[in-house]
Structures are given as C-alpha cells and as structure tokens.
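Enquirer: Sequence and predicted structure below; questions after.
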Amino acid sequence: MAKKRKPTLCSYCGEVTSDWNREHVIPAQLYPLSKSKSKVQRLVVPSCRRCNSSWQDDEVHFRNMMTFIASNPVSKEVWATAMRHLGNQPDGLRRSLEVLQRIEPVEKDGTTDYIIDTEGDEKVMRVVRKVIRGLCHHHRLFCALPDQRVHAKLTEYPFPAGMYDDLTGHHRERDILEYWFELDQFEEAHSVWTLVFFGSVAFLGYVSATEEFSPAWPHMRKGGGGR
Ligand SMILES: [Zn+2]
C-alpha cells in the first residue's frame, strides 16, 4: 500500500504526487533469498502508485522468462523458488503456459538450447524498458523518461572480447544485472545501453533524443543463453 508522503515526482510518468512508493529499478523478484544479506544496495526510485502497480504482472513473467533461459547459480535459485510457489498459486498454470509459448528448444552440439521470442513478448520488453528508465533516473540523466523514447532488443551473448573495454561497467550484483551505457552516440540518440541479466541474457537499449525517432536496428538473430 502506498503511504501519503511529501509530494514527489514519479520517476517514470513525471506526475507529482503524494501517493508514491519506492520502486525497485531492477525487479526485486530477480534477487534470490541467498542475496538478502548482500552489501550491494538495491536501487530504488520514487514511483507513483499507478506506474508501480502497472508492472506487477509483467515482472513475474519477466522473472520466469529470464530464469528459464539463464543458467547461472542465482537464476537457478530464483527459478527453483518461483516454481515452488507457482504450483500453489491460482494463476500458476497461466504463468507456466506464458513461458512455454515464448520459448523454443534448439538442439546445439548435442545439448538443448533455448531461444526466446522477445519481439512478440511485450511483457518482457516493457520490463527491460522500465529498467532502463529507472537507471536513467538513478544516473540523473532524466527526471522521468517516457516509455516511448526507449527501444530495446534481445541480443546475443557473450559479446566479442574487448567490446566494452572503454566503457565503465555498472552492476547491482554482477550475477543478476550488469550494464553499460554511453551518451550521445549518434545525432538521434541520447544514449545506448547494454543490460546483461544473470550473466547470460543480454539486451541492447536505445534512448532516442526525441519521441518521434525510432531506431533502425541492425539485423540480429534471436538469441538467448544456454542452460
Ligand atoms: Zn508514474
């Protein structure tokens, strides 16, 4: 429940309201129990109740998708906990089907790899854009960046060696989210972002300088981590 507080600007829609909460920039659901005593502080930004509640359903799906295709110990722990709870929830079957509809098994070198269809998965992409918007607020690049100015796409990982040598890497637990950003890459761009969830699922993000501009993405194959 949101508490009445001193009026504050929502980091996402820009509304000034006294009905706000601290929103986790990186969904809290991505953090496993074993990280509860970690010294790495979790990022929170002010968010109005409407924005805050609009991601709840998306973030559950996002966690299920990321932890299904990622393969590090943290993602495995989050997945195991989520699956234990899913069986006891009334919408557990819907949630499971949502994941299964968006993934495709691919045989590679005798093992099963999974690719995800993020182009058709608006729930996943909304959360990716929301993370970038929250990071923009945290890094003081914007007070409130509109969703329309953020574009994101799944990309392949690992990246070629040396690709990010000149950029400062940031993380909130490297094995949960590591990210890089660079300002003013091109005329139409405000910034370019790379996010890697659970050390294996990578997204490119692009913040346009205006709302009208939409980037022409280079052709990229659907990708995803192996299990
Ligand atoms: Zn808002």
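Expert: Yep, that arrived.
Enquirer: list the buried ones in the helix or strand hosting Pro105?
Expert: Secondary structure from DSSP states H and E places Pro105 in strand 103-108. Neighbour counts over strand 103-108 (16 or more other Cβ atoms under 10 Å) mark Ile103 as buried. Backbone N, C-alpha and C define where each C-beta goes, glycine included.
Enquirer: okay, the angle between whatever helix or strand comes next after it and strand 103-108?
Expert: Next in sequence after strand 103-108, counting helices and strands by DSSP H and E, comes strand 111-116. Put simply, strand 111-116 runs at 140 degrees to strand 103-108, going by axes from the mean of the first three to the mean of the last three Cα atoms, to 10 degrees.
Enquirer: Which residue ranges of this protein form helices?
Expert: Counting by DSSP state H, the chain has helices at residues 49-54, 56-69, 73-86, 92-102, 122-138.
Enquirer: now the second one, how far from the centre of its chain.
Expert: This points to helix 56-69. Remark: helix 56-69 is offset 9 Å from the chain centroid, using Cα atoms, centre = their mean, to the nearest Å.
Enquirer: Identify the residues contacting it?
Expert: With contact meaning Cβ atoms under 8 Å, 6 or more residues apart in numbering, helix 56-69 is reached by 27, 29-30, 75-76, 78-79, 82, 95, 98-99, 102-103, 114, 116, 121, 123-124, 126-128, 130, 197-198, 200-201, 224-225, 227.
Enquirer: cutoff 7 Å now
Expert: Helix 56-69 is contacted by residues 27, 29-30, 75, 78-79, 82, 95, 98-99, 102-103, 114, 116, 123-124, 126-127, 197-198, 201, 224-225, 227 when judged by Cβ atoms under 7 Å, 6 or more residues apart in numbering.
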